[in-house]
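> predicted model, plus sequence, below.
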Amino acid sequence: MTPQTNAGTGTEAELPEYAGQYRLESRLGSGGMGVVHLASSASGLRLAVKVVHAEFAKDPEFRGRFRQEVGAARRVSGAFTAPVVDADPEAELPWMATLFIPGPTLADHVKRNGPMPPAQLRRLMAGLAEALRDIHRVGVVHRDLKPSNVLLAEDGPKVIDFGISRPKDSELRTETGKLIGTPPFMAPEQFRRPREVGPAADIFALGSVMVHASTGRGPFDSDSPYVVAYQVVHDEPDITGVPENLAPLVLRCLAKEPEDRPTPDELMRELRSAASLYDTQSFIPAQRADTAVASADGAVATGGDASKREGGPYAPNRPWESLSERAERAERAERAETAGPTEPADSADSADSADSADSADSADSADSAEPADATAAPRLRRRALLAAGALVLTVGVALGSVQLLGGGAAGQREGAPPAASASAGVKPWDTRPASEKPASTKGGSTAGGAEAGSTPQCSYGEGKLLCAQPGLVSALDPADGSVLWRHTPAKGEVTGQPVVSGGLVHVWAGGDQRLEALDPGSGRTRWEKDVSAYDSMRSVGGMVLLGSADGTVTGLDGATGERKWSHPIQGHSDALVTSFDGDRLAYLATTAVDGSSTRVTAVDPVTGDVRWDARLKGFLQPVGSEDGRVYFLAVDSVYQDTNAVVRYDPETGKSLRVRLPVQSQQAAATVHGDTVFLVGTGGSLVAVDMGARKQRWSLETSVSRGSVPVADGERVYFMAPDGRLLAVDAGTGKLLGQTSPRLGEHSDRVSAALPGPVVAGDLVCAGAPDGTVFAVDRGDPSGW
C-alpha cells in the first residue's frame with residue numbers, strides 16, 4: 001500500500017500520513033535512501049518506518065536495492081537488529097517498518113559524551129561481534145557497518161540499515177564510478193575488488209568502529225575520501241588511544257588481507273575473559289512511554305521530558321553503565337519516590353491484558369478446517385522487570401542435538417511428575433554426570449565416554465532425572481543430584497533426551513542407528529534394536545513409532561521392542577511423527593508444496609488406526625495439545641517466522657487463528673491450558689491466550705536462540721545458550737529470576753536445538769554447556 005500524503009500544497013504535502021496501516025507521527029531523521037518516521041500501528045505498537053525518497057522510487061535499480069535491504073533485514077532480524085514488522089517494496093513509495101528501538105547511535109553517543117571507557121568498549125566489541133556472527137550465519141554481509149548504524153539499546157548494541165548488504169553468494173550490482181559503502185569504515189577489498197567482498201569486510205569495519213568509539217576518530221582519518229581510500233588500502237591504521245588490552249584485537253580486525261582477520265567466533269573467544277575483568281552484566285529493557293527525539297544524523301533517542309530525568313538529556317546512554325551504578329541509581333530513584341511527589345507512573349507496571357473489544361473478530365469461521373485471519377491483538381504496554389544476567393559473549397552450546405523423542409514442547413516425558421506448588425526449603429544442587437561416581441554400578445558402566453563440557457539433555461521418568469551426553473546416559477536422584485547409575489551405549493553418541501516408554505528408558509544411539517531399552521533401576525540393557533532403516537522416531541503411549549520416507553509408520557511395544565503394526569498413513573509421503581505430554585494420540589503433519597495448507601492426521605499409537613484427518617489452512621507446525629484440541633504455529637514458508645497461533649478442535653472441525661502483532665522469528669513453543677508460549681530466536685517471549693483470542697503479553701528477553709519453553713501454570717521457564725535458566729511469570733510476563741551463566745570449554749559451538757529445562761516436583765532442572773546438571777527451587781526464582 002502506497003504511503004498516503006497530507007492534503008494541500010507545499011512541502012508538508014510531501015510528508016506521508018500513513019505507510020500501509022501505520023500512522024506516521026513524526027520524522028526521526030533521513031538518510032541517502034529515504035526518511036525514517038516514528039509510527040504506530042492500530043494497536044499502539046511503536047515503529048520506525050523507512051520511506052524511500054520519491055526521486056529514487058522511480059529508479060528500478062534503487063528499488064532492487066530496497067528489496068534487497070528488506071530481504072536482508074528479515075533474514076537477520078533478531079536479538080542484534082531491529083526486527084522487521086512489515087514492508088511493501090512494491091509500493092509507489094516503498095517502505096519498511098521495524099520495531100522502534102529507543103537509544104542513540106554510537107556516532108551520536110561519542111559526539112555528545114566523548115570516547116567510551118575500556119569496560120564499555122569491551123562490551124561494545126563483544127556485542128558487535130555477536131551481532132556479526134548472527135548476520136553472517138544467515139548468509140548476509142552488511143558492508144556498511146559504521147557508528148551511525150549501531151544503536152545503543154538498553155540490552156546492548158543493535159546493527160541497523162541493511163541498505164547495501166547482500167547475500168554472500170549473490171552478484172553485486174554496481175554502477176561505474178560509484179563506491180558502495182562509507183570510505184572511513186570500508187575494507188581494502190571494497191576499494192580494490194568490490195565483487196569479492198565477503199564477511200571479513202564487516203570485521204574490518206568493526207575494527208574501524210572500535211577505533212572511533214575509543215578515540216572519536218577513525219583509523220584512517222582525512223577530509224578527502226580519496227585520501228581515506230588510499231590510506232585504507234596502503235597505510236597502517238592509527239590506533240593511538242585504543243586501550244592496550246583491546247589494541248591487538250583491533251589491529252587483527254584491521255589486517256589488509258581478509259584471511260588475516262579473526263572471525264566473530266574468534267573475537268568472542270578472545271573477549272570472554274572480559275567477564276572476569278569487568279562488570280559485563282546485561283539487562284532486560286524496560287518499556288517506556290517516552291517520545292522520540294532525532295539526533296543530527298537521524299539517530300533515534302528516547303525523549304519524554306529529558307530534563308526531568310536523572311542523567312539529563314542523554315539518559316539513553318545509561319545502558320552502558322555498570323550493574324552497581326545502575327543499582328545505585330535505582331535505589332536513589334526509589335528513595336526519591338517515597339520522599340516526595342514524582343511524575344505519574346506508567347499505568348502498566350505489569351503486562352496487563354490489553355483491550356479485547358475486537359477479539360471476537362479473531363475467530364475462524366465455522367467451516368470445518370478452514371481457519372480465518374484473526375484481528376491483531378493490541379500491543380501490550382508493560383514495564384519489564386529489570387534484571388541482571390551475564391552478557392552473552394557466545395551463543396553456542398557444546399554438541400547439542402535436535403530433540404527426536406518424547407514429550408515434545410513441554411519438556412517432560414511419560415511418567416513425569418504432576419506440576420505441584422513449590423515448597424520452602426528446597427535445596428539447589430549441581431552435579432557433573434560425566435565425572436561423578438555413581439552410587440550403584442550394577443549393570444551400568446562405571447565410566448562414561450561423555451565430553452566433560454558437553455551439554456546434558458535431560459527428561460524425567462520413573463522418579464529419576466534421566467540425562468544424555470555424547471557417549472553417556474545417566475540417572476540422577478532429583479532430590480540431591482547424586483548419580484544413581486551410568487550407561488555407555490555400545491554404539492557411541494546418544495541423540496536427544498532419554499525417554500521412558502513401556503516402563504523402560506529408551507536411548508537412541510549411534511547417530512539414530514540403534515534403539516536401546518534400559519532398566520530404569522540399574523541401567524542394564526533389556527533389549528536393543530537396529531532402527532537405521534527409519535527416518536524418525538517418537539515415543540508415545542507406551543509405544544515407539546518409527547517413520548519411513550515412504551510414509552509408512554511402524555509401532556513397537558515400548559516394553560518388549562516387539563513390532564505390533566506397520567502401515568502407510570494416507571496423505572503423508574514422509575512420516576514424521578509428533579506427540580505431546582498427556583496426549584494418547586500421535587500426529588503427522590504434511591504441508592502442501594505451495595504452503596497453502598497442511599494435512600494433519602491423528603493416529604492411535606497402540607493400533608495404528610487413524611482417529612481423525614483434516615486439511616488446515618496455511619503452513620502449520622504442531623506444538624501441543626490440550627483436552628483433545630491441537631495447537632499449531634502458522635509460519636512463513638520462506639523465513640519460518642511465526643505470524644499466528646492456530647487451535648483446531650477435531651470434535652467440531654473448527655479452527656481458531658490468533659495473529660501475532662509482531663512475527664516471532666523461528667519460534668519454539670509450548671502449550672499450557674489454553675495459552676501458547678512462544679520463544680523466538682531473536683529473544684522475544686510471547687503468551688497467546690487462545691480463549692481470549694489475543695496476545696496476552698510480550699517480553700523482550702535479549703536471549704538469542706533460547707530453548708523450547710516449559711510452563712507449569714504459574715511460570716514459564718527456558719534456557720539461554722550460555723547456560724542461564726530464566727523464569728517468567730506466566731500471567732504477567734515479568735521476569736522473575738535467572739541463574740548465573742554456565743559456559744563450557746566449547747561454548748563457541750552451535751547447538752542444533754538447545755535442550756529445555758525439566759520441571760520435577762519442587763525443582764526446575766537443566767543441563768548446561770559446562771557439562772553440569774543443576775536444579776533450583778521452582779518456588780523462588782528471585783533467589784536463583
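Noted; the coordinates are in hand.
> could I get the average pLDDT for stretch 44-53?
Confidence over stretch 44-53 (mean pLDDT, whole number) is 89.
> outside of that stretch itself, list whatever touches it.
3, 16, 19, 22, 24, 28, 33-41, 62-63, 66, 82, 85, 93-101, 300, 378-379, 381, 661-662 (CB atoms under 8 Å, 6 or more residues apart in numbering). Glycine gets a C-beta too; all of them are placed from N, C-alpha and C.
> any quick PyMOL command for the buried ones out of those?
Applying 16 or more other CB atoms under 10 Å to the contacts of stretch 44-53, the buried members can be selected in PyMOL as follows:
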select buried, resi 3+16+19+22+24+28+33+34+35+36+37+38+39+40+41+62+63+66+82+85+93+94+95+96+97+98+99+100+101+300+378+379+381+661+662
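> go through the contacts of stretch 44-53 and flag which are in helices.
Counting by DSSP state H, the part of these found in helices is 62, 63, 66.
> mind putting the residues you listed into JSON lines with pLDDT?
Shown next, in JSON lines, are those (pLDDT from 0 to 100):
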{"residue": "62", "pLDDT": "79"}
{"residue": "63", "pLDDT": "81"}
{"residue": "66", "pLDDT": "82"}
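> save the residues you listed as JSON lines, and put in distance to residue 467 too.
Shown next, in JSON lines, are these (distance: CB to CB, whole Å):
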{"residue": "62", "distance to residue 467": "55"}
{"residue": "63", "distance to residue 467": "54"}
{"residue": "66", "distance to residue 467": "50"}
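> those helices in the stretch 51-200 of the chain, which residues are they?
All helices of the stretch 51-200 of the chain, identified by DSSP state H, counting those that start in this stretch, fall at 54-57, 60-76, 106-113, 118-137, 188-192, 199-215.
> show me what the third one is packed up against.
Spelled out, that is helix 106-113. strand 150-153, helix 199-215 (3 or more CB pairs under 8 Å, 6 or more residues apart in numbering; DSSP states H and E).
> right, so of these, which gets closest to residue 516?
helix 199-215 (42.1 Å; CB to CB).
> what comes up buried for the next helix or strand along the chain from that closest one?
Next helix or strand after helix 199-215 toward the C-terminus (DSSP states H and E): helix 225-234. Under the neighbour-count criterion of 16+ other CB under 10 Å, helix 225-234 has 228, 229, 231, 232, 233 buried.
> so residue 115 makes contact with residue 210?
No. Taking CB atoms under 8 Å as the definition, residue 115 is not a contact partner of residue 210, at 10.7 Å.
> which of those two has more residues huddled nearby?
residue 210 (26 against 19; other CB atoms under 10 Å).
> chain neighbours aside, what residue packs nearest to the more buried one?
residue 250 (5.1 Å; CB to CB, 6 or more residues apart in numbering).
> equivalent analysis for residue 618, please.
Distances taken as CB to CB, 6+ apart put residue 634 closest to residue 618, at 4.9 Å, once the chain neighbours are dropped.
> secondary structure element for that neighbour?
According to DSSP H and E, residue 634 maps onto strand 629-635.
> would you put the C-alpha positions of that strand in PDB?
Extracted in PDB, the C-alpha atoms of strand 629-635 (Å, rounded to 0.1, in the frame of the first residue of the first chain):
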ATOM      1  CA  ARG A 629      -7.600 -29.800  20.800                       C
ATOM      2  CA  VAL A 630      -4.300 -29.400  18.800                       C
ATOM      3  CA  TYR A 631      -2.300 -26.200  18.700                       C
ATOM      4  CA  PHE A 632      -0.100 -25.100  15.800                       C
ATOM      5  CA  LEU A 633       2.200 -22.300  14.800                       C
ATOM      6  CA  ALA A 634       1.400 -20.700  11.500                       C
ATOM      7  CA  VAL A 635       4.700 -19.900   9.800                       C
END
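> name every strand pairing with that strand and say which way it goes.
strand 620-626 (antiparallel), strand 642-649 (antiparallel) (DSSP bridges).
> those: which one's closest to residue 182?
Residue 182 lies closest, by CB to CB, to one member of the strands paired with strand 629-635: strand 642-649, at 34.7 Å.
> same question for the closest one, mean pLDDT?
Rounded mean pLDDT across strand 642-649 is 96.
> any idea how far that strand is from the chain center?
20 Å (CA atoms, centre = their mean, to the nearest Å).
> pull the residues that contact that strand.
Under the contact criterion CB under 8 Å, 6+ apart, strand 642-649 has outside partners 369, 371, 373-374, 600, 614, 616, 618, 620, 628-636, 654-660, 663-667, 669, 674, 676, 678, 680, 688, 690.
> out of the helices of the stretch 51-200 of the chain, which is closest to residue 609?
With CB to CB, the closest approach to residue 609 among the helices of the stretch 51-200 of the chain belongs to helix 60-76: 42.6 Å.
> picking that back up, and the buried residues of helix 225-234, which two are the farthest apart?
Farthest-apart pair in the buried residues of helix 225-234 is 228 and 233; separation 9.8 Å (CB to CB).
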